[in-house]
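Peer 1: for reference, the sequence and a predicted model appear below.
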Amino acid sequence: MIDVALFGAGRIGKIHAANLFAHQGVRLKYVVDTHAPSAAALAEQYGASVTDTDTALNDASVGAVVIASSTDTHAELILRAAAAGKAIFCEKPVDLDLARARDCAAAVAAAKVPCLIGFQRRYDPTFAAVKARIDAGEIGSPEMLIVTSRDPGAPPVDYIKRSGGIFKDMLIHDFDICRWILADEVVSVHASASVLTDPAIADAGDADCTAVTLRTRSGRLCQINTTRRAAYGYDQRFEVQGSLGMLQAGNHRPTEVTAYSSKQVATDLPEHFFLERYQAAYAGEMAHFFRVITQGETPRTTVQDGVKALELADAATRSWQEGRIIAL
C-alpha cells in the first residue's frame, strides 16, 4: 500500500483524488489545501485526513506526493518532497521562473526520486497511438507538425494576471507535444500574438491568440496556433507530415452519432473542455505514475521535460515581446 499526500483540492486535485482512489494498492492519506472547506470536503469523500504541508512531508509512511496546488507552490513543494525522499507527481508548470525550475530538476536528480510532470496529452489514447505509429515508421521520417489548440473561453482576468502569460500557461502543453512527437530539440522560436477576444487581457499584459513556429536541430518544423475563444468547444488537433505520409489526431466528441437529413449532416460538437477531453489521459498518467514507483517503469514525462517546455515558453514570450526570432 502506497500512502499519498495530495496538495490542492481544486478542480484538478479532485480529478487526481478520484483516480488515486480507483487505483489498487494506493491510499490517499492526506489532503493539503489553504482553503479549508475544499480540503475537508475532498478528504471526507475519499477517507483521507486534512493536514498541513509539514506534517504530510515529514510523515515517513507517505511514499508519494501529488502536487495539484497553485503554480506558485510547485517549486517549493518539489524541493521539499525531493529532500524528503518522496516520489513526486506535479502539475505543469514546474515554476514560472526558468532558473527556479532548473533548481528543481537538480534537486530531483540529487535525491534520485521520480518526478513526473502533468503533461497529460502524452497519455491521451489517440495522441499516444499517433506517436506509436510514427515510432513504428508508418510515415517515415517526421518533417512537419501542425498543432491546433483552442480553448472555448478565457479564464478570469485575475487568473491571467498571475498565470505567467499564455505561452507558459496554455502553450506549454503544445511545446511538450512538439518535443515528444518530433523527438527532437528546438533551436529557434518565432512567436506572434494578439488580443482579439477581450481587451481586458491586453490590460493584464497578456495575449489571447498566438501563432508560433519552431525549428528543430534536424530542421523539422512545428507550427502552433492557439486562441482563448473557440465558439464550438475545446479544439485539440494535430497532424504530422512525414516522408512517407501523414497522420492526423482529431477532436473527441461526447458521442460518435452522425445525423443525416435533407438539410444537413451533423455530429456532436467537440468535448467542451479539457476535463472531459482528457478524462482517460488523467487516469492513464496517474496509473503510469504508480507503475513507475512499484514496477520501475521508465517515466514518460520527467521534470526535465517540464524544464524544456518552460524554456520554449520563455523563448516564445521573449520572441513576442521583442519581435524577433529567439535562438536556443
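Peer 2: Here it is on my side, so go on.

Peer 1: hey, let's count contacts and neighbours off CA atoms from now on
Peer 2: OK.

Peer 1: centre of the chain to whichever strand or helix holds Met286, how far?
Peer 2: Using DSSP states H and E, Met286 sits within helix 279-295. Its chain's average C-alpha position is 14 Å from that of helix 279-295, according to C-alpha atoms, centre = their mean, to the nearest Å.

Peer 1: equivalent analysis for stretch 31-45, please.
Peer 2: 23 Å.

Peer 1: what does that stretch contact?
Peer 2: 5-10, 14, 17, 30, 48-53, 56, 69 (C-alpha atoms under 8 Å, 6 or more residues apart in numbering).

Peer 1: now with 7 Å?
Peer 2: 5-9, 48-53 (C-alpha atoms under 7 Å, 6 or more residues apart in numbering).

Peer 1: state the pair within these that is farthest apart.
Peer 2: For the contacts of stretch 31-45, the maximum inter-member distance is 14.6 Å, found between Ala48 and Thr53 (C-alpha to C-alpha).

Peer 1: Gly137: neighbouring residues, count only.
Peer 2: 13 (other C-alpha atoms under 10 Å).

Peer 1: start and end of stretch 51-71, how far apart?
Peer 2: Start to finish, the residues bounding stretch 51-71 are 20 Å apart (C-alpha to C-alpha, to the nearest Å).

Peer 1: an error on my part: the question was meant for stretch 219-231.
Peer 2: 35 Å.

Peer 1: at the geometric centre of the protein, which residue sits there?
Peer 2: Phe119 (3.3 Å; C-alpha atoms, centre = their mean).

Peer 1: that residue contacts His173, doesn't it?
Peer 2: Yes. Counting by C-alpha atoms under 7 Å, Phe119 touches His173, with 6.3 Å between them.

Peer 1: the longest helix in this protein is where?
Peer 2: helix 303-322 (DSSP state H).

Peer 1: for it, what does the pLDDT average out to?
Peer 2: The average pLDDT within helix 303-322 is 98.

Peer 1: again with stretch 144-161
Peer 2: Stretch 144-161 carries an average pLDDT of 96.

Peer 1: show me the contact partners of it.
Peer 2: Here stretch 144-161 makes contact (C-alpha under 7 Å, 6+ apart) with 200-201, 204, 220-231, 233-242, 273.

Peer 1: just to be sure, which of those are found in strands?
Peer 2: Counting by DSSP state E, the contacts of stretch 144-161 place 221-227, 235-242 in strands.

Peer 1: of those, closest to Thr267?
Peer 2: Nearest to Thr267 among the ones in strands among the contacts of stretch 144-161, with distances taken as C-alpha to C-alpha, is Asp235, at 14.7 Å.

Peer 1: show me how far stretch 200-215 is from its chain's centre.
Peer 2: Mean C-alpha position of stretch 200-215 versus that of the full chain (C-alpha atoms, centre = their mean) differs by 18 Å.

Peer 1: what distance separates the start and the end of that stretch?
Peer 2: 32 Å.

Peer 1: next: stretch 274-281.
Peer 2: 10 Å.

Peer 1: same deal with stretch 162-180?
Peer 2: By C-alpha to C-alpha, one end of stretch 162-180 lies 28 Å from the other end.

Peer 1: in it, what's buried?
Peer 2: Within stretch 162-180, the residues that count as buried by 16 or more other C-alpha atoms under 10 Å are 163-180.

Peer 1: just the CA trace of stretch 138-153, in CSV.
Peer 2: Only the C-alpha atoms of stretch 138-153 are listed here, as CSV (Å, rounded to 0.1, in the frame of the first residue of the first chain):
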residue,chain,number,x,y,z
GLU,A,138,4.5,4.3,-40.7
ILE,A,139,5.0,7.8,-42.2
GLY,A,140,8.8,7.6,-42.5
SER,A,141,10.8,10.5,-41.1
PRO,A,142,8.6,13.2,-39.5
GLU,A,143,9.1,16.6,-41.2
MET,A,144,6.4,18.9,-40.0
LEU,A,145,3.9,19.1,-37.1
ILE,A,146,0.8,21.3,-37.1
VAL,A,147,-0.8,21.8,-33.7
THR,A,148,-4.2,23.4,-33.2
SER,A,149,-5.0,24.2,-29.6
ARG,A,150,-8.1,26.3,-28.8
ASP,A,151,-9.9,26.9,-25.6
PRO,A,152,-13.7,27.5,-25.5
GLY,A,153,-13.2,30.6,-23.4
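
Peer 1: closest one of the ones in strands among the contacts of stretch 144-161 to Met1?
Peer 2: Nearest member of those to Met1, counting by C-alpha to C-alpha, is Gln236, at 36.6 Å.

Peer 1: which ones are touching that closest one?
Peer 2: Gln236 sits next to 148-150, 250-251 when contact means C-alpha under 7 Å, 6+ apart.

Peer 1: where along the stretch 151-300 of the chain do the helices fall?
Peer 2: Listed in chain order, the helices of the stretch 151-300 of the chain (DSSP state H, counting those that start in this stretch) span 157-161, 166-169, 172-182, 199-203, 274-277, 279-295.

Peer 1: including distance to Val303, could those go into CSV?
Peer 2: Formatted as CSV, the helices of the stretch 151-300 of the chain follow (distance: least, C-alpha to C-alpha, whole Å):
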stretch, distance to Val303
helix 157-161, 24
helix 166-169, 15
helix 172-182, 12
helix 199-203, 30
helix 274-277, 22
helix 279-295, 13
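
Peer 1: before I go, just wanted to say thanks for your time.
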